[in-house]
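S.K.: Just to be clear, the model below is a prediction. Sequence and coordinates:
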Amino acid sequence: MAARIDHLVTSGTFALDGGEWDVDNNVWIVGDDTEAVVIDAAHDAAAIEAALGGRTLRAIICTHAHNDHIDAAPALADATGAPILLHPDDLPLWERTHPDRAPDGELADGQELEVAGTRLTVLHTPGHAPGAVCLHAPELGTVFTGDTLFQGGPGATGRSFSHFPTIIDSIRDRLLTLPPETAVRTGHGDSTSIGAEAPQLQDWINRGH
């Protein structure tokens with residue numbers, strides 16, 4: 001059976017630089033009827049485990065380490081035995097949320113993860129966070145962008161560990177090079193496509209340089 005993409009929305013709080021905001025997060029599950037990976041274990045480990053429906057969880061993949069994307073990761077790992085994978089450049093952010101529990105493995109640019117016969121290629125896309133990554137699944141015609149690219153433009157860069165010119169470079173060099181029909185499945189809000197975002201992103205690129 002070919003891999004499919006399941007989608008769950010969880011709600012909680014994003015906290016950074018002394019502020020807190022209520023947020024809804026997209027949790028993406030990629031797999032088949034027997035195994036899966038979770039992209040961003042946000043807020044509610046029990047709900048994510050229920051959505052897995054008894055499938056073997058191969059990995060918990062973190063697009064970055066802002067607390068709203070990783071707060072449920074340790075509990076989900078404990079419940080399933082799955083390793084938590086994070087790009088090492090985001091360890092300083094991870095440690096703010098989970099000082100006593102390190103990730104189990106590292107993500108690296110160009111690394112390929114496989115689940116249910118489907119490849120997920122890691123694209124290091126810093127800017128929103130130093131260790132932010134996107135996950136390109138060409139067989140599914142999809143890229144999971146975390147908070148790097150949204151419907152309407154780049155992710156926020158107004159807080160600690162973020163940098164606007166860097167996120168613009170990441171989007172231009174790593175995401176706009178993907179096929180225009182590629183679906184963009186984001187960390188918050190509605191999905192979009194590379195082709196839909198490319199024209200307006202040129203305006204952001206001009207502003208950033």
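M.R.: Here it is on my side, so go on. Numbering: from 1, shown residues only.
S.K.: When you work out contacts or count neighbours from here on, use the C-alpha atoms and nothing else.
M.R.: Will do.
S.K.: Other residues contacting the lowest-mean-pLDDT helix or strand in the chain?
M.R.: Taking mean pLDDT, DSSP states H and E as the measure, the helix or strand of the chain with the lowest value is helix 194-208, at a mean of 83. Contact partners of helix 194-208, identified using CA atoms under 8 Å, 6 or more residues apart in numbering, comprise 151-154, 164-165, 168-169, 172, 175-176, 178-184.
S.K.: Drop anything exposed from these.
M.R.: Applying 16 or more other CA atoms under 10 Å to the contacts of helix 194-208, the neighbour count classes 151, 153-154, 164-165, 168-169, 172, 175-176, 178, 180, 182-184 as buried.
S.K.: Among the residues you listed, which are located in strands?
M.R.: If you go by DSSP state E, these have 153, 154, 183, 184 in strands.
S.K.: For those, work out which two are farthest apart.
M.R.: Taking CA to CA as the measure, those span a maximum distance of 15.5 Å, between 154 and 183.
S.K.: related to what we said a few turns ago, closest to residue 19 out of the ones in strands among the buried ones among the contacts of helix 194-208?
M.R.: Nearest to residue 19 among these: residue 154, at 20.9 Å, using CA to CA.
S.K.: Retrieve the pLDDT associated with the closest one.
M.R.: Residue 154 is assigned 96 on the pLDDT scale.
S.K.: residue ranges for the strands of this structure, please.
M.R.: Under DSSP E, the chain gives strands at 4-16, 19-31, 35-39, 56-61, 84-86, 105-106, 112-115, 118-124, 133-137, 142-146, 149-150, 153-154, 183-186, 192-193.
S.K.: Could you pull up the residues touching residue 11?
M.R.: 22, 23, 24, 25, 42, 43, 44.
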